[in-house]
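S.K.: sequence and predicted structure are below.
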Amino acid sequence: MRSNRVLANSRLNKPVKKKWISQDAAWAFLLLIPLFIGILLIYSSTIFGFVMSFTNWDIVRKAEWVGIENYRTLAEDELVWKAMRNTLYFLIIAIPAKLIIGLALAVLLNQKLKGVNFFRLTYFFPTACSVVAIALVWGYLYGVDGFLNTLLQGLGLSKVYWMDEHNAMNSIAIMSLWGGVGYIALLFLAGLQNVPPEYYEASRVDGANRFQQFRMITLPLLTPTTFFILITQMITVFQMFGENYLMPGPLNSTLSIVQYIFTEAFQGFRMGYASALSYILILIIFIITIVQFKLQKKWVNYDL
């Protein structure tokens, strides 16, 4: 009897071995495995693409190492520079237009009016539409005998060839403006609603009018939102593909850099050259983003 009691006490006093990982942590790691696999695939494909940019590979035959020949070729490729000029056009024309119109819409939608939620939904609706659907609709509008030309002829005006070499970029810019300005207006609207009302009350006491309030309070406090929109819109412009691919202008007048990458990779099967173009695009986006982050200290205000 005594020996059994001693044995029981020894079992109670025996130190319990701790598990090297808890059950909750094990489940967490298990659930994170798909994410880790995805990240591994992204990084491995990034490295593979960079190595491939130094080769001549058409998918079928074995890759041939050519060094920096692809980068030398793209520096002399006229289509690359044409695509860059088209991108620059969007940066200079389309983005400022989106910012100005989006801010104006946000100011209007920020008013306490009856039915304002309906208009907010209406302006945001094109953002939720597919690029393919938008291109089909605007392709009909821009047709030689489409809605816009029918309207112009009804007003006694002559037809406009919206998608010819001279007007195609402007037409795509208008379509892009219609499709994306609602999203920008929504972001500006969120920024406007985060401005403390006390600032406006204090300015009214000092005798400031609405324009002075907008210039001295609203615009400075919207600079973080403006900075975010600028960064994302610049990246979006450099990655434009759907609009240009579905509504191409003659003589590569609407060619974008991503469209050219797609053409070289999956129509010309020049995978090495397409990879070189891709990494030049990544480098340009990286440099522009870094410059923007450096410059934000001079004009972005998080408080008055």
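M.R.: Sure, I can see it. Numbers count the residues shown, from 1 in each chain.

S.K.: quick one: low-confidence parts of the protein?
M.R.: Per-residue confidence of the chain (counting by pLDDT under 70) places the weak regions at 1-21, 303-304.

S.K.: now do the same contact list for the residue nearest the centre of it.
M.R.: The geometric centre of the chain, computed from its C-alpha atoms, lies nearest to residue 236 (C-alpha atoms, centre = their mean), at 3.5 Å. For residue 236, the contacting residues are residue 180, taking C-beta atoms under 8 Å, 6 or more residues apart in numbering as the criterion. Heads up, the C-betas are built off the backbone N, CA and C, glycines and all.

S.K.: repeat for residue 69
M.R.: Residues counted as contacts of residue 69 (C-beta under 8 Å, 6+ apart) are residue 56.

S.K.: please renumber the chain so that the first residue is 9 from this point on.
M.R.: Yep, numbering from 9; the last one is residue 77 now.

S.K.: any idea how far it lies from residue 281?
M.R.: From residue 77 over to residue 281 the distance is 9 Å, taken as C-beta to C-beta, to the nearest Å.

S.K.: joint contacts of those two?
M.R.: Residues touching both residue 77 and residue 281 (C-beta under 8 Å, 6+ apart): residue 64.

S.K.: so where do the helices sit in the stretch 209-312 of the chain?
M.R.: Assigned by DSSP state H, counting those that start in this stretch, the helices in the stretch 209-312 of the chain fall at 218-221, 227-229, 231-246, 250-254, 265-274, 279-307.

S.K.: residue 92 is nearest to which of those?
M.R.: Relative to residue 92, the nearest member of these by C-beta to C-beta is helix 265-274, separated by 6.7 Å.

S.K.: what comes into contact with the closest one?
M.R.: Among residues not part of helix 265-274, those counted as contacts by C-beta under 8 Å, 6+ apart are 87-88, 91-92, 95, 246-249, 252-253, 278-279, 281-283, 285-286, 289.

S.K.: and the angle for it with helix 231-246?
M.R.: Orientation note: helix 265-274 sits at an angle of 30 degrees relative to helix 231-246 (axes from the mean of the first three to the mean of the last three C-alpha atoms, to 10 degrees).

S.K.: in helix 265-274, what counts as buried?
M.R.: Of the residues in helix 265-274, those buried under the neighbour-count criterion (16 or more other C-beta atoms under 10 Å) are 265-273.

S.K.: nearest to residue 67 among these?
M.R.: Distance to residue 67, by C-beta to C-beta, is smallest for residue 273 among the buried residues of helix 265-274, at 9.2 Å.

S.K.: thanks again, I'm all set now.
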